[in-house]
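> Would you be able to build a 3D model of this:
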Amino acid sequence: MSSAEHLRLFIGTSLDAGTRDHVKQNLPGSVNLADLRWLPAEQWHITTLFMGNWPADRLDEAMVALLSSATRTAPFMLRDGRACGMPEEGPTMLWVRFLPEPAHRQLHVALAGSLGLPPDERDPFWPHITLARGQQVPAVLGDLVLDHFRVEQLTLFRSDPAPQGTVHSPLMTVPLEG
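Residues are numbered from 1 along each chain as shown. Reported below is the predicted structural model:
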């Protein structure tokens, strides 16, 4: 691998099959499912830190930061996951958006700091699952889709464009142990 190579990376949490099924079964009936481009359910995740184009020769550094942050962070709960279109004006994505969770925000900030990246400054910092994209996404649906989700592990993902859509490949998964 040459030092000029970059990998598109992010750190997040995958959804298990039972959670994915629960989300599918509880989507609001008001969503016209045929008008949306759905991400494969196996790719659904909650992003903690988007790293962008990361130098391939610094991949070990990302893995060390992930491991270090995971050993200092206890599992935490995301609550009140509701279907909504984002962004709020002219929505183009269908999300399951959870209430802001301080533990998720703190983990984001810690990971960004350990990797020398600026933290996301948006306030509130919404934990979410992107389900689909489209041009006709209702702005606010508000229906409860997932009462809670326990974040117990983190994964470093590589994100590669493909003809059928972006593919997220796990590179390293570690449990939260703090």
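> does Ser169 sit in a helix, a strand or a coil?
Of the three states, Ser169 takes strand under DSSP: H, G, I helix; E, B strand; the rest coil.
> ok, and the closest non-adjacent residue to Arg72?
Ranked by Cβ to Cβ, 6 or more residues apart in numbering and with sequence neighbours excluded, the top spatial neighbour of Arg72 is Gly178, at 4.6 Å. (Each C-beta comes from the backbone N, C-alpha and C, glycine too.)
> residues contacting that neighbour?
70-74 (Cβ atoms under 8 Å, 6 or more residues apart in numbering).
> Among those, which one lies nearest to Val137?
Nearest to Val137 among the contacts of Gly178: Thr73, at 32.5 Å, using Cβ to Cβ.
> mind listing what Glu89 touches?
Glu89 is in contact with Ala139, counting by Cβ under 8 Å, 6+ apart.
> just checking, next helix/strand downstream of the worst-scoring helix or strand of the chain on mean pLDDT?
Using mean pLDDT, DSSP states H and E, strand 37-38 stands out as the lowest-scoring helix or strand of the chain, at a mean of 86. Using DSSP states H and E, the helix or strand that follows strand 37-38 towards the C-terminus is strand 45-55.
> Check which helices and strands that next one sits against.
If you count contacts as 3 or more Cβ pairs under 8 Å, 6 or more residues apart in numbering; DSSP states H and E, strand 45-55 packs onto strand 6-14, helix 102-115, strand 128-133, strand 153-160.
> Go through these and name the closest to Glu121.
When the helices and strands packed on strand 45-55 are compared by Cβ to Cβ, helix 102-115 sits nearest Glu121, at 10.3 Å.
> Now do that closest one, average pLDDT.
The average pLDDT within helix 102-115 is 97.
> With stretch 129-147 instead?
With pLDDT averaged residue by residue, stretch 129-147 scores 84.
> Sketch out the low-pLDDT regions of this structure for me.
Along the chain, segments meeting pLDDT under 70 span 1-4, 30-33, 140.
> same thing but 50
Scanning the chain for pLDDT under 50 picks out 1-3.
> Give me the neighbour count for Leu9.
Leu9 has 21 neighbours, counted by other Cβ atoms under 10 Å.
> contacting residues for it?
Leu9 touches 51-52, 54, 62, 156-159, 171, counting by Cβ under 8 Å, 6+ apart.
> do His45 as well
Shown in contact with His45 (Cβ under 8 Å, 6+ apart): 12-15, 129, 155, 157, 168.
> As TSV, those with distance to His148 and neighbour count would be great.
Formatted as TSV, those follow (distance: Cβ to Cβ, whole Å; neighbours: other Cβ atoms under 10 Å):
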residue	distance to His148	neighbour count
Gly12	17	21
Thr13	13	23
Ser14	16	18
Leu15	13	21
Ile129	13	25
Thr155	20	19
Phe157	23	26
His168	23	21
